[in-house]
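>>> Only the shape, not the letters, is given here:
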C-alpha cells in the first residue's frame, strides 16, 4: 500500500496491510515504531486523515498501545474532534503514558468534565515531570479547590500571585479558598486589595463587609454595606446589603435597627432568605408568629431553593407543637442542603416529638458527624 503526503513524498505502509493479512504475528515492536514515525510524518505534513487511518490500524493490532492512543488524540484534536480526542487521551493514560504535554491536556479535559479530583492528580503528575506554566497551574489550583483541597489550592494560587500579583481572578480564587479555611485575616488582605483595584465592584464590597462582620468588626462592616447602597447595584444586591446591615446591628444588640434593616431588605427583595429568616426570629407573640410564617412563605414562593427558609419555618412550627408539619419542612431543608448540621438536629427533634425514635437517632448521628467536620473547618454561609 502506498500513500502520498501533500508534499508528494511517498509513505510506505505495506507492512500494516501485510500484518493484517497474515494475522500472525500482528505488529512487531520495530514495525510499530516505524508506524508511529510514519503517523507523525503524516500528521506534521497535514495529512490528518492518513495519520488517523494508520493509527487506527495499529490500534486494531495493539489496542493497549498508549503511544498510538496519544498520537491519535493529537490528530483528533487538530481535526476539531474534541470528544474523541479526550477519549483517546484517557486511553493513553490508562495504558501508562505519562508525558507532560498530554497530562496537561488531560487535566484540562477532566476540569471541563468537573472531575476535579482526577484533574488535580493528573496535573500534579504533569507538574512533577515539567513545571506547569501559568495557565495550567491556574487549572491545578481550581481543581484543588473544587476537590476541597483548599490548603494546597492556596499554595498554588500564592505561587501564581508571586508571578502576577495584579491578577484579579487568581487573587479572587485565593480569597475564596481562604474564607473556606477560616483564614479571615488573609482573606481580608486579599479583599482589601480587590476593593482598591475595583472599588465599584459590588460583589467584592459585599464580601468585604461580610468578612469584617465575621471578624466581629461590625461598625466597619456597616460602613462597607452602606457604601454598597451608593453604588450601581442590582435590587437583590441592595437587599443583601440592607440585610447585612440589619445583622450587624443585631450582633451589636440593637434589635430595633436590626428589624428595620431586615424589613428594608425585604422591600427590595421579598425572596431574601437571610432577611426573611432573621426577621422571623425577631417576631414574638401570636401576631408575630403569624407574621413570621407569612414572611417565610412569601420568601419561599420567590426562592423555593433556599433551604434556610424551610429550616426556619420548620423550627417555628415545632415551637408551636406542629411536629408533623415541622418534619415536612425540615426534610425539605435537609434535601436542599444535606450538609448543614443544624437542619439534622431540628429534624431529629421533630421526629422525637412524634415518637419516631429510630429515625430521630439516625438524624442525630448525622448531626454529630457534620458538626465535627464543621468544627475542623469553618466557612462563610
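Sure thing, it's come through. Small disclaimer: the values here were computed from a predicted structure and weren't measured. Numbers count the residues shown, from 1 in each chain.
>>> surely residue 144 meets residue 138?
No: look at residue 144 against residue 138 with Cβ atoms under 8 Å: they stay out of range, at 10.8 Å. For every residue, glycine as well, the C-beta is placed using N, CA and C.
>>> Which one's more surrounded, these two?
Just comparing residue 144 and residue 138: by other Cβ atoms under 10 Å the higher neighbour count belongs to residue 144, 25 against 19.
>>> Excluding chain neighbours, what is closest to that one?
Nearest residue to residue 144, sequence neighbours excluded (Cβ to Cβ, 6 or more residues apart in numbering): residue 153, at 3.9 Å.
>>> residues touching the one you found, list them.
By Cβ atoms under 8 Å, 6 or more residues apart in numbering, the contact list for residue 153 reads 141, 142, 144, 145, 173, 174, 177.
>>> which stretch of helix or strand covers it?
helix 150-163 (DSSP states H and E).
>>> What residues sit buried inside that helix?
By neighbour count with 16 or more other Cβ atoms under 10 Å, helix 150-163 contains the buried residues 150, 152, 153, 154, 156, 157, 159, 160, 161.
>>> Then stretch 68-86?
Buried residues in stretch 68-86 (16+ other Cβ under 10 Å): 68-77, 81, 84-86.
>>> before we move on, what about stretch 311-329?
Those would be 311-318, 322-323, 325-327, 329, for stretch 311-329 by 16+ other Cβ under 10 Å.
>>> Determine how far the last residue of it lies from the first.
With Cα to Cα, to the nearest Å applied, stretch 311-329 spans 7 Å between its terminal residues.
>>> Next, report how far that stretch is displaced from the centre of its chain.
32 Å (Cα atoms, centre = their mean, to the nearest Å).
>>> Could you pull up the contacting residues of residue 294?
Residue 294 neighbours (Cβ under 8 Å, 6+ apart): none.
>>> Distance check, it against residue 68.
67 Å (Cβ to Cβ, to the nearest Å).
>>> Could you look up the SS state of residue 270?
coil (DSSP: H, G, I helix; E, B strand; the rest coil).
>>> in the helix ranked longest in the chain, what counts as buried?
The longest helix of the chain (DSSP state H) is helix 357-376. By 16+ other Cβ under 10 Å, the buried positions in helix 357-376 come out as 360, 363, 364, 366, 367, 370.
>>> Nearest to residue 187 among those residues?
residue 370 (23.1 Å; Cβ to Cβ).
>>> Give me the nearest residue to the closest one, chain neighbours excluded.
residue 341 (3.8 Å).
>>> OK, contacts around the one you found?
Applying Cβ under 8 Å, 6+ apart, the residues near residue 341 are 366, 367, 368, 370, 371, 374.
>>> pLDDT score assigned to the last one?
pLDDT recorded at residue 374 is 76.
>>> What of the second one?
Predicted confidence (pLDDT) at residue 367: the value is 96.
>>> still on that earlier bit, give the other helices and strands that the longest helix of the chain contacts.
helix 341-353 (3 or more Cβ pairs under 8 Å, 6 or more residues apart in numbering; DSSP states H and E).
>>> Give me the average confidence score over the helix it packs on.
On average, helix 341-353 scores 97.
>>> Enumerate the positions of stretch 123-130 that are buried.
Here stretch 123-130 shows 123, 124, 125, 126, 127 as buried, counting by 16+ other Cβ under 10 Å.
>>> would you list those in JSON lines and tack on distance to residue 346, secondary structure and pLDDT?
Putting those into JSON lines (distance: Cβ to Cβ, whole Å; DSSP: H, G, I helix; E, B strand; the rest coil; pLDDT from 0 to 100) gives the following:
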{"residue": "123", "distance to residue 346": "41", "secondary structure": "helix", "pLDDT": "97"}
{"residue": "124", "distance to residue 346": "41", "secondary structure": "helix", "pLDDT": "97"}
{"residue": "125", "distance to residue 346": "45", "secondary structure": "helix", "pLDDT": "97"}
{"residue": "126", "distance to residue 346": "46", "secondary structure": "helix", "pLDDT": "97"}
{"residue": "127", "distance to residue 346": "45", "secondary structure": "helix", "pLDDT": "97"}
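>>> Closest to residue 51 out of the residues you listed?
residue 126 (24.4 Å).
>>> mind listing what the closest one touches?
Contacts of residue 126 (Cβ under 8 Å, 6+ apart): 100, 103, 104, 107, 132, 136.
>>> 10 Å instead?
Neighbour list for residue 126: 98-107, 132, 136-137, 139-140 [criterion: Cβ atoms under 10 Å, 6 or more residues apart in numbering].
>>> So what touches whichever strand or helix holds residue 329?
Taking DSSP H and E as the definition, one finds residue 329 inside helix 323-336. Counting by Cβ under 10 Å, 6+ apart, helix 323-336 makes contact with 296, 300, 304-320, 322, 340, 342-356, 359, 363, 366, all of which sit outside it.
>>> my guess is residue 65 meets residue 91, correct?
Yes: counting by Cβ atoms under 10 Å, residue 65 touches residue 91, with 9.3 Å between them.
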